[in-house]
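**Student:** with the input below, show me the fold.
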Amino acid sequence: MVIRRSDEALLACSSGHAGVAERAALQALISAVRRDAPSVDVRDTPVEIMSHDETYPPVRVAVPLTLVPHSEVAMALEVARSHDPDLVVAPALGPDWTLAELAVQRLIEAGARKDDTIVLGVSGSENDGAISGYSRMARLVSAVWGGPVHVGSIGGKDTPLSDAVDIARAYGRRVVVASYVLTPGRDADQLRQSGADLVTAPVLDGGIPDRRVVDLVLTRFHQALGLGVPAL
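**Tutor:** Sure thing, here's the model as predicted:
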């Protein structure tokens with residue numbers, strides 16, 4: 001059992017520009033983290049207000065609530081760390097085997113079949129590091145699913161989701177989009193409107209957060225503090 005110190009805080013970091021549904025899902029996740037780790041000072045921290053705040057404990061670990069490295073939230077945290085060298089920035093939640101297992105569970109629950117074309121639906125990015133993160137996540141989902149998984153991007157410079165759906169249609173197959181967006185909101189809505197036969201729910205589907213996602217947030221916190229939690 002790890003004894004938490006009173007001078008440590010987990011800053012759960014996301015964008016302050018989130019919409020109502022997105023913010024509600026994020027707050028549900030943060031509340032679940034608080035319940036599972038009552039001795040940890042967990043704070044809902046929009047990156048837009050990150051600053052050296054005297055009310056923060058001396059040890060501050062910022063956990064970006066994002067699915068790939070080099071996202072806008074992760075990049076904002078790097079800027080914050082340049083102004084506050086004591087700020088510890090944890091890795092993004094994904095890509096990760098835990099999220100791949102959850103994605104495949106959602107595919108099965110949605111009724112996906114082995115002869116379907118599976119497309120990992122992502123928000124997209126112009127950043128090569130973020131694009132690499134999406135590609136790695138597709139490989140992890142493919143390994144768990146046991147078949148090819150393609151990437152379809154809502155925006156950015158990766159393969160557009162509409163193209164990924166059209167290519168699959170050319171082979172006469174059903175198209176199933178495995179949503180790789182964190183919350184309900186604009187991006188999740190665009191995935192549902194992609195024309196795919198099936199679209200799974202986002203990682204946080206608006207209900208009680210999956211326990212594995214809660215554990216992943218705490219794992220990133222522990223890893224950043226060097227507590228020997230193995231990488232997943």
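**Student:** outline the domain layout of this protein.
**Tutor:** Domain assignment for the chain, taken from automatic domain parsing, gives 8-94+207-224, 97-199.
**Student:** pick out the shakiest of those domains, pLDDT-wise.
**Tutor:** The weakest mean pLDDT among the domains of the chain belongs to domain 8-94+207-224, with a mean of 90.
**Student:** tell me which helix or strand Arg173 sits in.
**Tutor:** For Arg173, there is no helix or strand it lies in under DSSP states H and E.
**Student:** three-state assignment of the residue nearest in space to the middle of the chain?
**Tutor:** By C-alpha atoms, centre = their mean, the chain has its centre lying nearest to Leu67, at 2.7 Å. Leu67 falls in the coil class when you classify it by DSSP: H, G, I helix; E, B strand; the rest coil.
**Student:** ditto for Val88
**Tutor:** Assigned by three-state DSSP, the conformation of Val88 is strand.
**Student:** thought it was touching Pro58?
**Tutor:** No: using C-beta atoms under 8 Å, Val88 is not in contact with Pro58, being 10.9 Å away. Heads up, the C-betas are built off the backbone N, CA and C, glycines and all.
**Student:** higher neighbour count, the two?
**Tutor:** Neighbour tally, Val88 and Pro58, criterion other C-beta atoms under 10 Å: the higher count belongs to Val88, 18 against 9.
**Student:** any idea how far that one lies from Pro64?
**Tutor:** In this view, Val88 and Pro64 are 12 Å apart by C-beta to C-beta, to the nearest Å.
**Student:** Arg113 sits in which helix or strand?
**Tutor:** Per DSSP H and E, there is no helix or strand for Arg113.
**Student:** ok, now which ones touch it?
**Tutor:** Arg174 (C-beta atoms under 8 Å, 6 or more residues apart in numbering).
**Student:** next one: it from Asp128, what distance?
**Tutor:** Taking C-beta to C-beta, one finds Arg113 at 34 Å from Asp128.
**Student:** can you check Thr98 too?
**Tutor:** 24 Å.
**Student:** check Val203 too.
**Tutor:** According to C-beta to C-beta, Val203 stands 23 Å off from Asp128.
**Student:** who's more crowded, those two?
**Tutor:** Val203 (26 against 10).
**Student:** tell me which element the closest residue to Leu93 other than its chain neighbours is part of?
**Tutor:** Nearest residue to Leu93 in three dimensions, chain neighbours excluded: Leu216, at 5.5 Å (C-beta to C-beta, 6 or more residues apart in numbering). Assigned by DSSP H and E, Leu216 belongs to helix 211-224.
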